[in-house]
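In: For reference, the sequence and a predicted model appear below.
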Amino acid sequence: MKRILAETLRMFLLLIAVSGVAFLLITKAPIDPLVSYIGTNSTLSKEAKEEIADYWGLNDPLPERFVTWANHVLHGDLGESITYKKPVAEIIKIRFSYSIVLMLLAWAFSGILGFFLGVLCGLHQGGLYDRIMKLFCLITKSAPTFWLGLLILYLFAVQLGWFPMGMAVPAGKLASEVTIGERKL
């Protein structure tokens, strides 16, 4: 019991430390959230910009901003997305469902395909097909994962046009034109 409490405390402290470092890195990023929100060619007055900054708490000291942010997160309020004008929790829920479907399809596809290719290579051990598969596996294991991912995106999304490139939006559509269920993104 003592060990469980110690591990729980350690994980809690680690969570606070990681949250603090992530918050600090985001606040020190070269991207100004106010300029990102209103745009670089904004015609808003200085007073209007200050009002927005005050509303968001951008003028508050960093420790106060962190405590406010952590309090909101602990109460389940992740804020509202500037891009989609919707609650962040709702957007995460929608995107997470896409990720789960993609993960399950990839798992099933790789499991089934890997099983049958492994059986085929085992049946023709030392043959041409086995050597080609070994070479393919060696190349894919040696190449950086991000590079293979970019090549796969280029092939299937850009060249073949089978999948959207980003933001889970069908090819040729803007994010503002897409509806998921009853929700319009």
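Out: Happy to help now that I have it.
In: burial count for I152?
Out: I152 is flanked by 11 other residues according to other CB atoms under 10 Å. (Glycine included, C-beta is placed from N, CA and C.)
In: gap between it and W162?
Out: Here the criterion is CB to CB, to the nearest Å. By it, I152 lies 11 Å from W162.
In: can you give me the helices for this structure?
Out: Counting by DSSP state H, residue ranges of the helices within the chain are 2-27, 33-38, 46-56, 62-74, 88-123, 128-142, 145-153.
In: In CSV, list the C-alpha atoms belonging to the shortest one.
Out: Extracted as CSV, the C-alpha positions of helix 33-38 are listed here (Å, rounded to 0.1, in the frame of the first residue of the first chain):
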residue,chain,number,x,y,z
PRO,A,33,-1.5,34.1,-29.7
LEU,A,34,-3.1,37.6,-30.1
VAL,A,35,-1.6,38.1,-33.6
SER,A,36,-2.5,34.5,-34.5
TYR,A,37,-6.1,35.2,-33.5
ILE,A,38,-6.7,38.6,-35.1
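In: list the helices and strands that helix packs on?
Out: helix 46-56 (3 or more CB pairs under 8 Å, 6 or more residues apart in numbering; DSSP states H and E).
In: centre of the chain versus stretch 11-25, how much separation?
Out: Averaging C-alpha positions (CA atoms, centre = their mean, to the nearest Å) puts stretch 11-25 19 Å from its chain's average.
In: Repeat that for stretch 159-168.
Out: Taking CA atoms, centre = their mean, the mean C-alpha location of stretch 159-168 is offset from the chain mean by 16 Å.
In: For that stretch, give the mean pLDDT please.
Out: Averaged across stretch 159-168, pLDDT comes to 72.
In: same question, stretch 83-96
Out: The predicted model assigns stretch 83-96 a mean pLDDT of 87.
In: buried residues in that stretch?
Out: Taking 16 or more other CB atoms under 10 Å as the neighbour-count basis, stretch 83-96 is seen to contain the buried residues I91, I94.
In: next one: stretch 121-132
Out: C121.
In: again, but for stretch 14-32
Out: Taking 16+ other CB under 10 Å as the neighbour-count basis, stretch 14-32 is seen to contain no buried residue.
In: who touches it?
Out: Applying CB atoms under 8 Å, 6 or more residues apart in numbering, the external contacts of stretch 14-32 come out as L62, R65, F66, W69, A70.
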